[in-house]
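J.: What follows is a predicted structure for the sequence shown.
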Amino acid sequence: MNRVSVNQSLRQLFVILLAACSVAISDRASAQAWLPDREYKEGPGIKVGDLELHPGVAVRAGYDTNVFRTDGSKQYPRFGSGLVSVTPHLFLTTQGQQRREEGEDKDSGSLPPVEFKVGASATYFQFTRPEALQTRRGAGFGIDTSARLGVLPGRRVNFEVGADYLRSVLPFTLNVPNGQNYTRDFIVPSFRLNMGSRSKVFTTFVGYAPQVTYFERDATSFRFLNNAAHVINAGAGWKFLPHTALVFDGEAGFQNYMEALTPNATSLVSTNQRLQVRLGLNGALTQRLTFRLLAGYAMMTFNNDLMTQYENAIGEASLGVAFGRKNNFDFGYIGAVNPSYVGGWMRTDGGFVRLRSLINGVFQLGLEAAAGFATYGRMQRPDPDGTGVIALGTGSDPTHRQDVRISGAARGEYRLTNWLALMADFVVISTITDFEYRAGRNVPGAPSDVPPFPAQFLDMQAYGGIRAHY
């Protein structure tokens, strides 16, 4: 790359980052990693026989304006802190498509019988204000591992086996009492069988993915949320036009909470069953214009009769535009229901817009924003005196909660070389609601408890750093 093109790229980077700062953001799950897409953690790789090895390390520094996601009131003031994180990572994969089809490693182009990818990263977090994160028993270390094995990829009948493990340590709600932390583990093995006709006009799949969520010993306030779920999913597609298909997907989930519910639990939870099905169209209007339109039905039932059952229509509608070789823009609406630690379920209806672009082959930009409306099931908790349940909230309607949720993200990466990059991201997430929790640790005479999901808050995060990835 000559000096002129470098200067042009730097000027574009500066202008785009200024524009990105005006966009609102996504949630804290993505804050544990430096980039949400694993593919962009990899560089050219080291060839080891028929495999590729991708080592790397990233260092980030930034600031979080609202570590504990409080409303900024006198009772719950905002708590901001600087944050430094160091993340080494290592990925081992079978040879990628480019190595198989180009250069000295090119072959006949036949599909390999097996493809796999195994990777792991570990992140050390250090807040500039030590009280932002308890560090007992390794609470400052997050872990993210993933393994994928594909057998007979691209064939009419093939299957995939996978496993993910995530150890998340960052705060996600109000400050916990001294000696506690937020450390939780997510374990998700998975299996999926794919089948299709010889011409691939008809394709179908069925999968199974048990999910375990476990709050570790020092996350005392949240251990009643430990749960295991069995998730079965299936889908099918029939291509009735060259670039358009009739699609179906469905999912059944069975969630079981492991701990006995005690009067100290800060929310009423229950073993539950969930079913959703959707039918619609997925295709292309032109070479650059794609669409997705789905409508369906979802329901949730609970073993505890005090929980609110749910059933209603769900849907999705989106439009995508591709421009250039590696640039795309899409926007749309999603209506969905998911299990929730407060109220049992959360229904969301909202719009989104996303942009992903690669400029001059050296600068990657990702922008996303979303705004929507959230409704919850009946908000209750066990009565601390052990006599039944009480409302989670205060006011004239203390069991009813509705939120306006606004979020977004602006993320950029500038590749200095094919193995070294500068990166920055700016994140905002806000929940606007009239709902207020009945009890809190700062209320005189109230139990020392922390709800598992915050009410109204505004959180902004800004980070920058450098990473080496080979």
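T.: Arrived safely, thanks for sending.
J.: Across the sheet, point out what pairs with D249.
T.: G235, R278 (DSSP bridges).
J.: That one against N282, yeah?
T.: No - counting by Cβ atoms under 8 Å, N282 is not a contact partner of D249; they are 10.0 Å apart. (C-beta placed from N, C-alpha, C; glycine too.)
J.: joint contacts of the two?
T.: L294 (Cβ atoms under 8 Å, 6 or more residues apart in numbering).
J.: which residues touch I406?
T.: 24, 370-371, 428-430, 432.
J.: What residues are recorded as beta-bridge partners of it?
T.: S430.
J.: Could you check how far it is from R415?
T.: 31 Å (Cβ to Cβ, to the nearest Å).
J.: got it, and L285?
T.: To R415, L285 is 33 Å away according to Cβ to Cβ.
J.: With neighbour numbers in mind, choose between the two.
T.: More neighbours surround R415 than the other of L285 and R415, with 21 against 12 (other Cβ atoms under 10 Å).
J.: For that one, give the beta-bridge partners.
T.: R415 has these beta-bridge partners by DSSP bridges: A421.
J.: List the contacts of the spatially closest residue to G344 that is not a sequence neighbour.
T.: Distance criterion Cβ to Cβ, 6 or more residues apart in numbering; nearest residue to G344, sequence neighbours excluded, is G377 at 4.1 Å. Neighbouring residues of G377 by Cβ under 8 Å, 6+ apart: 307-308, 310, 340, 343-346.
J.: which among these end up buried?
T.: Using 16 or more other Cβ atoms under 10 Å as the burial test, those include 307, 310, 340, 343-346 as buried.
J.: Turn these into JSON lines, including distance to G386.
T.: As requested, these are exported to JSON lines (distance: Cβ to Cβ, whole Å):
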{"residue": "M307", "distance to G386": "19"}
{"residue": "Y310", "distance to G386": "28"}
{"residue": "S340", "distance to G386": "24"}
{"residue": "G343", "distance to G386": "22"}
{"residue": "G344", "distance to G386": "21"}
{"residue": "W345", "distance to G386": "26"}
{"residue": "M346", "distance to G386": "28"}
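J.: Of the residues you listed, which belong to strands?
T.: In strands, judged by DSSP state E, the following of the buried ones among the contacts of G377 are found: 310, 340, 344-346.
J.: for the protein, which spans come out with low pLDDT?
T.: 1-42, 96-109, 134-139, 439-448 (pLDDT under 70).
J.: ranges for the helices of it?
T.: Counting by DSSP state H, the segments of the chain that form helices are 3-20, 97-101.
J.: the strands in the stretch 301-450 of the chain, which residues?
T.: With DSSP state E, counting those that start in this stretch, the ranges of strands along the stretch 301-450 of the chain come out as 310-322, 327-340, 344-359, 363-376, 380-382, 389-391, 402-415, 420-433.
J.: And the first one, what does it pack against?
T.: Packed against strand 310-322, as judged by 3 or more Cβ pairs under 8 Å, 6 or more residues apart in numbering; DSSP states H and E, are the following elements: strand 272-284, strand 289-302, strand 327-340, strand 344-359.
J.: out of the ones you listed, which comes closest to S168?
T.: strand 327-340 (17.4 Å; Cβ to Cβ).
J.: And for the closest one, what's in contact with it?
T.: So strand 327-340 is contacted by 229, 253, 255, 272, 274, 276, 290, 292, 298, 300, 310, 312-323, 345-358, 376-377, 453 (Cβ under 8 Å, 6+ apart).
J.: cool, stretch 313-322 as well?
T.: 276, 278, 280, 287-298, 328-337.
J.: Using ChimeraX, define a selection of the buried residues within those.
T.: Buried residues among these (16+ other Cβ under 10 Å), as a ChimeraX selection:
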select :276,278,280,290,291,292,293,294,296,298,330,331,332,334,335,336,337
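J.: got a list of what P77 touches?
T.: With contact set as Cβ under 8 Å, 6+ apart, P77 has these partners: T70.
J.: Any figure for the gap between it and I466?
T.: Going from P77 to I466 by Cβ to Cβ gives 34 Å.
J.: Equivalent analysis for D249, please.
T.: Taken as Cβ to Cβ, the span from D249 to I466 is 40 Å.
J.: cool, and G80?
T.: For G80, the distance to I466 - Cβ to Cβ - is 24 Å.
J.: Look up the closest residue to L422, ignoring the ones flanking it.
T.: Y414 (4.6 Å).
J.: From what I see, the one you found and G465 are in contact.
T.: No - between Y414 and G465 there is no contact under Cβ under 8 Å: 11.6 Å.
J.: shared neighbours of these two, which are they?
T.: With Cβ under 8 Å, 6+ apart as the test, Y414 and G465 both reach 422-423.
J.: Identify, from the contacts of I406, the entry nearest to N175.
T.: Of all the contacts of I406, N175 sits closest to I429, with 17.8 Å by Cβ to Cβ.
J.: neighbours around the closest one, how many?
T.: 23.
J.: For F172, see how far away it is.
T.: Per Cβ to Cβ, I429 is found 11 Å from F172.
J.: Spell out the residue ranges of the strands in the stretch 51-200 of the chain.
T.: Remark: strands assigned in the stretch 51-200 of the chain by DSSP E, counting those that start in this stretch are 51-64, 81-94, 114-127, 141-151, 157-168, 184-196.
J.: can I get the ones you listed in CSV with mean neighbour count and distance to T399?
T.: Converted to CSV, the strands of the stretch 51-200 of the chain look like this (neighbours: other Cβ atoms under 10 Å; distance: least, Cβ to Cβ, whole Å):
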stretch, mean neighbour count, distance to T399
strand 51-64, 18, 32
strand 81-94, 18, 34
strand 114-127, 17, 36
strand 141-151, 17, 35
strand 157-168, 17, 29
strand 184-196, 16, 26
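J.: quick one, which of the ones you listed is nearest to A391?
T.: Nearest to A391, of all these, is strand 184-196, at 26.5 Å by Cβ to Cβ.
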